[in-house]
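*Asks:* task: produce atomic coordinates for the following.
(one chain, ligands or ions: 1)
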Amino acid sequence: MAVDLLLGLQWGDEGKGKIVDVLTKNYDIIARFQGGPNAGHTLEFDGIKHVLHTIPSGIFHKNAINIVGNGVVIDPVIFKKELDNLEKFDIDLKSKLLISRKAHLILPTHRLLDAASETAKGKAKIGSTLKGIGPTYMDKTGRNGMRVGDLEMEGWKEKYRALADKHEAMIAFHGVELQYDLKELEAEFLTAVKTLKSLNFIDSEEYLFQAQKEGKKILAEGAQGSLLDIDFGTYPFVTSSNTTAAGACTGLGVAPNRIGEVFGIFKAYATRVGSGPFPTELFDEDGATMGRIGNEFGATTGRPRRCGWLDLVALKYAVQVNGVTALMMMKGDVLSGFEKLKVCTAYKYKGEKISHLPYNIESENVTPIYTEMEGWAKDLTQLSAPDQFPQGLNAYIDFLEKELEVPIKIVSVGPDRTQTIHR
Ligand code: IMP
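*Replies:* Below you'll find the model as predicted:
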C-alpha cells in the first residue's frame, strides 16, 4: 500500500490542517514528517476552531493513528500545552498519538539561541517564528542533538546540561541583550518532559513499514511550504527542514517507490509571513483586502501575513519539485468581489522574460508579468457543488489547470470542514 503525501506549495499557511482533517476519514495513519511548533495548523468543525502545532491534524478522528515522525523537532513545553488543550476532546492520546524515538528535542536554550541569532542579524533577520527550529536542526546535522529516545536512557540529564551550557556560551557570543531566567525555563521543560514521557515512543520507521505491509492507508502531512524548503526555498529566508516531498522519505523512513499520491495545497492567491522575497506582493488596497477578508494573521505568531497575487512561476516550480499528482485550491472565497484578478505567469529577469524560478528572486531582480482575468462577485462560502461555481471561478480554475498541468480536485470555500468542494 502506497503512502500519500500532502504538502503546501507556497510559503506555508495554505490550509493543510483543514485538508488533512477532511481527508483523514480515508486513512488509518496520519504522520508528520518535518518541522515543529513553528507550524500552526488550523481546523474548524462543529463550531470549534482549534490550532495544532506539532500534533498531526488527524487527531480529531476516532479511527486514525497519529505519528510524529523522526524528521520533526519537538518542544516538550509547547507539546504539553497542545496536549492540555486537547483534554476536553476526550481523545485516547496514549493509543492515538505515537512519537518517533528519533525525533529531535527543542531545548529552552534552542529557543534563546534563535532569538539571539535573529537579533544579531538586525535587518537581515529571517523573520523566524523564534521556536528554536533553526538551532535544533543545526544540532541535529551537527550531530549534537538530543532525541526523544534519549529520554528513555540513563544520564539524559547530563547530556542535556552539556548541550544547554554550550548554548549559553553561543548566546553570549552573539553579544545581544536577552532577558531570560534559565532556571524557570528548565523547570518548565522538565515538567513538560514528564508529560511527553507519558505517551508511547516508537521506532516509527519500523511501525510504518509494518503498517504498509498490512495494507494500512497512510497520509504524510507536511508543514510550512515548498518555498520555505531548506534546499529549494528562497534561501536563506527559509525554514530548516525539507518541506518538499523528499522530506517525507527522510522524515518517516518511507522509501521513494512507496509514495503514491502527492496532494499539493495552494491558496488562490499568495501570502508570506516573515522576511524574504515575494515577487507578487501587493502593497495596495487589493493586498489589504485579501489580508482582511482572508484573515491573514499567523496561526503561531499572530503576525499579519504579506499578501499578493498568485505566482504561477513559483507554483509550477513547487509542483515539479514535489511531483504533485492532484491540486487543492484553498480560500477561493476570499477572491469574490475583485473586479479583475491577476496571475503571474512569467518574470522579467535581467531584461528577459523567463518562466522558471531563477536563483535570485529579490524584487530588484524580478518583475512579475501578469495575465489579467475577470473576477466574480458571487459569495462562494455557501456553495456545495462545482456546478454552482460562477463563470469567473471556472475560468480561473481552468486557466490554472492548463498552466500547471495537474487537476484541481478540491476547491475550498471557507474554513469549515463542510466548505470543501470535490471536483
Ligand atoms: P522558522 O522555521 O521558525 O525559523 O522560520 C523561518 C521562516 O519560515 C520565517 O519566515 C517564518 O515566518 C516561516 N515559517 C515557519 N513556519 C511557518 C509556517 O508554518 N507557516 C508559514 N511560515 C512559516
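*Asks:* okay, CA-based contacts and neighbour counts for the rest of this
*Replies:* OK.
*Asks:* against which helices or strands is the worst-scoring helix or strand of the chain on mean pLDDT packed?
*Replies:* Lowest on mean pLDDT, DSSP states H and E among the helices and strands of the chain sits strand 41-45, with a mean of 87. Applying 3 or more CA pairs under 8 Å, 6 or more residues apart in numbering; DSSP states H and E, one finds that strand 41-45 contacts helix 16-23, strand 48-52.
*Asks:* roughly how far is the longest one from the heart of the chain?
*Replies:* Meaning helix 16-23. 12 Å (CA atoms, centre = their mean, to the nearest Å).
*Asks:* if we can go back for a sec, tell me which of the helices and strands packed on strand 41-45 sits most buried.
*Replies:* Mean neighbours per residue, mean count of other CA atoms under 10 Å, is largest over these for helix 16-23, with a mean of 23.
*Asks:* is there proximity between that one and the ligand?
*Replies:* No - Helix 16-23 lies out of reach of the ligand by CA under 6 Å from any ligand atom, never closer than 9.9 Å.
*Asks:* pairing partners for the next helix or strand after that helix, with directions?
*Replies:* Next along the chain after helix 16-23, taking DSSP states H and E as the criterion, comes strand 29-32. Strand pairing for strand 29-32, using DSSP bridges, gives strand 65-68 (parallel), strand 218-221 (parallel).
*Asks:* still on that earlier bit, with just CA atoms, put the least confident helix or strand of the chain into PDB.
*Replies:* Taking Å, rounded to 0.1, in the frame of the first residue of the first chain, the C-alpha atoms of strand 41-45 are listed here in PDB:
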ATOM      1  CA  HIS A  41      -2.500  24.100  11.500                       C
ATOM      2  CA  THR A  42      -6.000  25.500  12.000                       C
ATOM      3  CA  LEU A  43      -9.000  23.200  12.000                       C
ATOM      4  CA  GLU A  44     -12.600  24.200  12.200                       C
ATOM      5  CA  PHE A  45     -15.600  21.900  12.700                       C
END
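*Asks:* quick one: that strand to chain centroid distance?
*Replies:* That offset, for strand 41-45, works out to 14 Å (CA atoms, centre = their mean).
*Asks:* now what about that strand, what contacts it?
*Replies:* Outside of strand 41-45, the residues within contact range by CA atoms under 8 Å, 6 or more residues apart in numbering are 13, 15-18, 21, 49-53, 57, 299, 415-418.
*Asks:* quick one: buried residues of that strand?
*Replies:* Neighbour-count burial for strand 41-45, with 16 or more other CA atoms under 10 Å as criterion, is recorded at 41, 42, 43, 44.
*Asks:* stretch 270-278 now?
*Replies:* Result for stretch 270-278 [16+ other CA under 10 Å]: buried residues 270, 271, 272, 273, 274, 275, 276, 277, 278.
*Asks:* now do residue 32 against the ligand, distance only.
*Replies:* Here the criterion is CA to the nearest ligand atom, to the nearest Å. By it, residue 32 lies 13 Å from the ligand.
*Asks:* meant to ask about residue 17
*Replies:* For residue 17 relative to the ligand (CA to the nearest ligand atom), the value is 10 Å.
*Asks:* now the strands for the stretch 301-423 of the chain?
*Replies:* Under the criterion DSSP state E, counting those that start in this stretch, the stretch 301-423 of the chain carries strands at the ranges 306-308, 310-311, 326-330, 340-349, 352-354, 366-374, 408-412, 420-422.
*Asks:* who in the stretch 251-400 of the chain is up against the ligand?
*Replies:* 273, 274, 275.
*Asks:* can I get those residues in JSON lines including pLDDT?
*Replies:* Putting those into JSON lines (pLDDT from 0 to 100) gives the following:
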{"residue": "273", "pLDDT": "94"}
{"residue": "274", "pLDDT": "89"}
{"residue": "275", "pLDDT": "94"}
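*Asks:* between those residues, which is closest to residue 311?
*Replies:* residue 273 (15.9 Å; CA to CA).
*Asks:* so for the spatially closest residue to the closest one that is not a sequence neighbour, what's the pLDDT?
*Replies:* Nearest residue to residue 273, sequence neighbours excluded (CA to CA, 6 or more residues apart in numbering): residue 305, at 4.8 Å. Note for residue 305: predicted pLDDT of 95.
*Asks:* surely residue 305 is in contact with residue 292?
*Replies:* No - look at residue 305 against residue 292 with CA atoms under 8 Å: they stay out of range, at 10.2 Å.
*Asks:* I'm done for today, thanks for sticking with me.
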